[in-house]
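*Asks:* turn this into a structure:
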Amino acid sequence: MNNPIYNFINLHDGEQDKQVVLDNVTVNTSFRGSNLWILACAILIASVGLNVNSTAVIIGAMLISPLMGPIVGAGFALGTYNFSLLKKSMKNLLIATMVSLVVSCVYFYVSPFKDVQSELLARTAPNIYDVLIAFFGGLVGVIASTRVEKGNPIPGVAIATALMPPLCTAGYGLATFNFSFFFGAFYLYTINCFFICISTFLLVKYLKYPSAIIEDKYRKRIRYGITALIMVMIIPSCYLAYTLWNQKKFNKTVEEFIGNEFTSRGYTVIYKKINYHSNPKEVELAFLNRKLSAQEISTYNKLLEEKGVKAKLNIRQDDTDLKSEILSEVNKRNASISEKDLTINNLRQELDRYKVNDRSLVREMGILFPNLEDITLGKVERYPATDSVRISFLLLYSSPPKTDTTKIRAWLSERLQTKELILIRR
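*Replies:* So this is what the prediction gives:
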C-alpha cells in the first residue's frame, strides 16, 4: 500500500521477525531460578518503598520486576490460539503472584512500621483511569517488544502499569488483616494484568501473527470469553471512577459554599470536617467568634441543599469543647516555641563560653604593647591528662623576636583574673 498516511503509521515498518518475537516471549514467561529471586527481591524493595512512602524506591522496584513476561506471554498465546503457551504463562503468573504475596505479607507482618502511607492508599481504590493506563501502557510495551530496535519504552511501561505496588499493598492487607485493602489492591493488580494481556492480544491480531489452530469455534469462544471478562473488569472500575468523581464534586461544592457563606463574611473557621462516606453525608464546622441560632443553622442547611448537596451541616459551638480544643492547640504551639527558645538559649550559652566580649581589651593591649600586631583573642578547651576539661584564654599575635612575653602574660592574668593563658607568637 502506497498511501502516505498509512506508511506513516504502519506498525509493520521496523518489525522484528515474528518467530524471533514468539521465541523471546516464550522464554520470558518462565519463572525459575534467577527470575524468581529477582522477583522476590523486587517485591521486598517495593514493600520497603511503600512502608517508608518513598516513590523513588517503588519506581526502582518496578524497573527490575520481571512480572510483565508471563502477562505478555498470555496475550500472545490468546492472539495466536497457542493453548500450551497460555497454560504455561498462566501457571507462571500464578506462581509469581503467590511468591509476591507471600514475600510482601511476611515483610509487612515483621515490620514494626504499619502506618498507612499515601503510597499504600493510592493502590486501594482502582477506577477506569487505571484501566486506561494498563491498556495503553501494555500496548506500548508490546509494540516495543515486536520491534527490531527495542528503544527505551520498556522501563516506562514497567513504571506506568505498576504491577508491583498493588501486589505489595495486597500483601500489606493480608499481614494487617485489612481485607478492604487486600481486595482493592488485588483488583487493581488484576486490572493491570488483564488489560496488558488484552492490549497484547489486539496487537498480535493486528500484526497477523500465525495461529496455532484453525477451527473457528475455538476462535469464537476466545472472543466471547475475552468480551465477557472485559465487561467484568470494566464495570466495577467505572463505578469506582463515578464514585470518585462524585466525591470530588461534593468536596468542591462544599468548599465553595463555606467560602461564599462564611469566610467571605468575616467568619473565622477554626474547625472543618467534610465526611462524604457517612450516611447522611456531614459537613462539620466551628467558628472562632460567631454563634449561630438553630434557625440560622436550618437556613444554611437549606442553602446547602439548594446547591445540590445532600448533606447535614453541623455547627460545633459548645463553649467547653471549643475552648478545650483551642487551648490544646495553643499549648502545643507554646510548647513548640518554648522548646525552640530553650535550644537557642543553650546555643547562646555554649557560644559565650568561647567568646571574649570585652572589646576594650585589645585596644588596651595595643597601647601597653605597641609591638604586638595582628592580635587574635579567644577561648579554647584544654584536656589535661589528670584533670577535667579547662577553658583557657588563647592569644595569637605577631611581634619582633625579643618581645617580653612575661609582661604580657602577667598583665593578661591580672586583667582577665585567670591563670589559664596560652600565648602563641606567629
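*Asks:* for residue 271, give me phi and psi.
*Replies:* Note on residue 271: its backbone torsions stand at phi -150, psi 130 [degrees, to the nearest 10].
*Asks:* was I right about it contacting residue 316?
*Replies:* Yes - using CB atoms under 8 Å, residue 271 is in contact with residue 316, at 6.3 Å. C-beta here means a position set from N, CA and C on the backbone, and glycine is covered the same way.
*Asks:* the strands in this protein, which residues?
*Replies:* Secondary structure of the chain by DSSP state E: the strands cover 269-275, 281-287, 311-315, 373-382, 390-398, 421-425.
*Asks:* in CSV: these, plus distance to residue 238 and mean neighbour count.
*Replies:* Compiled in CSV, the strands of the chain are given as follows (distance: least, CB to CB, whole Å; neighbours: other CB atoms under 10 Å):
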stretch, distance to residue 238, mean neighbour count
strand 269-275, 25, 14
strand 281-287, 22, 18
strand 311-315, 25, 19
strand 373-382, 72, 13
strand 390-398, 75, 16
strand 421-425, 81, 13
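*Asks:* residue 128 is nearest to which of those?
*Replies:* With CB to CB, the closest approach to residue 128 among the strands of the chain belongs to strand 281-287: 23.3 Å.
*Asks:* any low-confidence regions in this protein?
*Replies:* Residue ranges of the chain with pLDDT under 70: 1-10, 12, 116-125, 127, 150-161, 212-216, 233, 318-339, 352-357, 384-388.
*Asks:* cutoff 90 now
*Replies:* For the chain, the stretches with pLDDT under 90 are 1-93, 95-97, 99-100, 104-105, 107-426.
*Asks:* which residues of the stretch 301-426 of the chain fall in helices?
*Replies:* Here the stretch 301-426 of the chain has its helices, by DSSP state H, counting those that start in this stretch, at 319-352, 360-368, 405-416.
*Asks:* which parts of the shortest one are buried?
*Replies:* Of the residues in helix 360-368, those scored as buried under the neighbour-count criterion (16 or more other CB atoms under 10 Å) are 361, 365.
*Asks:* just checking, what packs against it?
*Replies:* When contacts are defined as 3 or more CB pairs under 8 Å, 6 or more residues apart in numbering; DSSP states H and E, helix 360-368 packs onto strand 373-382, helix 405-416.
*Asks:* CA atoms only for it - export them in PDB, please.
*Replies:* C-alpha atoms of helix 360-368 as PDB (Å, rounded to 0.1, in the frame of the first residue of the first chain):
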ATOM      1  CA  SER A 360      38.400  47.300  75.200                       C
ATOM      2  CA  LEU A 361      40.900  44.500  75.900                       C
ATOM      3  CA  VAL A 362      42.500  44.600  72.500                       C
ATOM      4  CA  ARG A 363      42.700  48.400  72.500                       C
ATOM      5  CA  GLU A 364      44.400  48.500  75.900                       C
ATOM      6  CA  MET A 365      46.800  45.800  74.700                       C
ATOM      7  CA  GLY A 366      47.700  47.900  71.700                       C
ATOM      8  CA  ILE A 367      48.500  50.900  73.900                       C
ATOM      9  CA  LEU A 368      50.600  49.000  76.500                       C
END
